[in-house]
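J.: Model the structure of this input:
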Amino acid sequence: MKLNSLFTKRTVMHRSDRLASRLVCLFLVTLFFAPSTLQAQSSQKQLKLAAYNLWNMFDIYDDPYTQDESTRVKPREQIEAVAKAIKEINADVVGCVELENDHILRAMAMDLLPECGYKYFGATESNSGRGIQIGVMSRLPILSITSHKFRTLTLPGEKRTWSFARDLVQVTVQVTDSQILDVFLVHFKSKRSTSGDPESGKWRLAEATMARQIMEQTRIAHPDHWIAIMGDFNDTPESKTIQHLLAKPAFLHDTHSHLPADNRITYLHKPYRSTIDYILAGPQLIKHLDKSKTGLPADESKLAGSDHAPIFATFNLN
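T.: The predicted structure follows:
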């Protein structure tokens, strides 16, 4: 599917069309994940992960079952800017948030990123009423994609419960013939206040609490897997959300903690410029971090496609 066919004019896609589209997508996923293709690149010397909030990456099709009417189609020039940023980073696995579906990722990769070699794609339908999803594109084989959107989230001392604002998406990747990575993709609740929860701080803390619990369970079930979590956490480094994820006993580590604060601003719009996007690595993976190839693009003028900067982290495989 070409970009022009996705971003020319917004029309309504009815449920029957959506179903047909998803059946085709399921066929493609099955084809991509077929055992004959699940062979990691044996010559791979490093693993580069990237996370990017694509800022309302919506196509022309108006899903009548989501509240997306007020969201405009992503302008072509912004898509090209997003693609250019992704191309320059050249990550093996890119976690993307704030997109409408994985068709957009496929079209962008086919039209604007053919030399990057992205062959594996996926996205989950999230809890967002606006229809924004969490997705992934990878040139390494994806073994499975698991949604945790139906989990019930709680906090000690709180009677109310929550769900993930969008989802917690677990992507299992074959990095090498002998190494598997479980990377969790997040887009936590925004700072818009909800009833009894100013700036939704409790909601994000509940999301972080469940995310850590699921990752710890994954580590116990698969002690040989590498673990990472990345995306838009919508909270700053000193917040309870981030501090809970990094709390002792140490489980996760901030891959960008060595950078000066001014060099790791990920939300770009004034007056709210701040660090809210992260790549956190588990205890086995962090040992392989190459700090010299970890960070953000240096030139913000090239990031006109989104209100966020993409972030990346590189790990040695030897």
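J.: Going by C-alpha atoms from here, please, whenever you check contacts or count neighbours.
T.: Noted.
J.: What are the contacting residues of the helix of greatest length in the chain?
T.: What stands out as the longest helix in the chain, according to DSSP state H, is helix 201-221. Contacts with helix 201-221, where a contact means C-alpha atoms under 8 Å, 6 or more residues apart in numbering, come from 153-155, 162-164, 168, 188-189, 191, 197, 225, 227, 233, 240-242, 244-245.
J.: please redo it, this time with the cut-off set to 7 Å
T.: Identification of contacts with helix 201-221 by C-alpha atoms under 7 Å, 6 or more residues apart in numbering yields Leu153, Thr154, Leu155, Trp162, Phe164, Phe188, Lys189, Lys240, Thr241, Leu245.
J.: just the helices in the stretch 151-300 of the chain please.
T.: 201-221, 240-246 (DSSP state H, counting those that start in this stretch).
J.: Let me have the ones you listed in JSON lines, extended by mean neighbour count and distance to Lys119.
T.: Shown next, in JSON lines, are the helices of the stretch 151-300 of the chain (neighbours: other C-alpha atoms under 10 Å; distance: least, C-alpha to C-alpha, whole Å):
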{"stretch": "helix 201-221", "mean neighbour count": "19", "distance to Lys119": "26"}
{"stretch": "helix 240-246", "mean neighbour count": "19", "distance to Lys119": "31"}
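J.: could you dump those to CSV with distance to Asp307?
T.: Conversion of the helices of the stretch 151-300 of the chain to CSV gives the following (distance: least, C-alpha to C-alpha, whole Å):
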stretch, distance to Asp307
helix 201-221, 20
helix 240-246, 21
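J.: shaky segments in the protein?
T.: Counting by pLDDT under 70, the chain has low-confidence residues at 1-43, 59-72.
J.: Show me the longest strand that occurs in it.
T.: Longest strand in the chain, counting residues (DSSP state E): strand 46-57.
J.: How far away from the center of its chain is it?
T.: 6 Å (C-alpha atoms, centre = their mean, to the nearest Å).
J.: Contacts only, for Ser239.
T.: Per C-alpha under 7 Å, 6+ apart, neighbours of Ser239: none.
J.: and the contacts of helix 201-221, which of them are in strands?
T.: Counting by DSSP E, these contribute nothing to strands.
J.: quick one: which of those residues is nearest His308?
T.: Comparing the contacts of helix 201-221 against His308 with C-alpha to C-alpha places Phe188 closest, at 14.5 Å.
J.: excluding its backbone neighbours, what's nearest the closest one?
T.: Among residues not flanking Phe188 along the chain, Phe233 sits closest, at 4.9 Å (C-alpha to C-alpha, 6 or more residues apart in numbering).
J.: for Val93, same thing?
T.: Ser138 (4.4 Å).
J.: correct me, but that neighbour touches Gly122?
T.: No - using C-alpha atoms under 7 Å as the test, Ser138 is too far from Gly122 to be in contact (9.2 Å).
J.: Max pairwise distance over the contacts of helix 201-221: which two?
T.: Most distant of the contacts of helix 201-221, by C-alpha to C-alpha, are Trp162 and Leu245, 17.9 Å apart.
J.: quick one on the thing from earlier: and the contacts of helix 201-221, which is closest to Gln44?
T.: Leu245 (29.7 Å).
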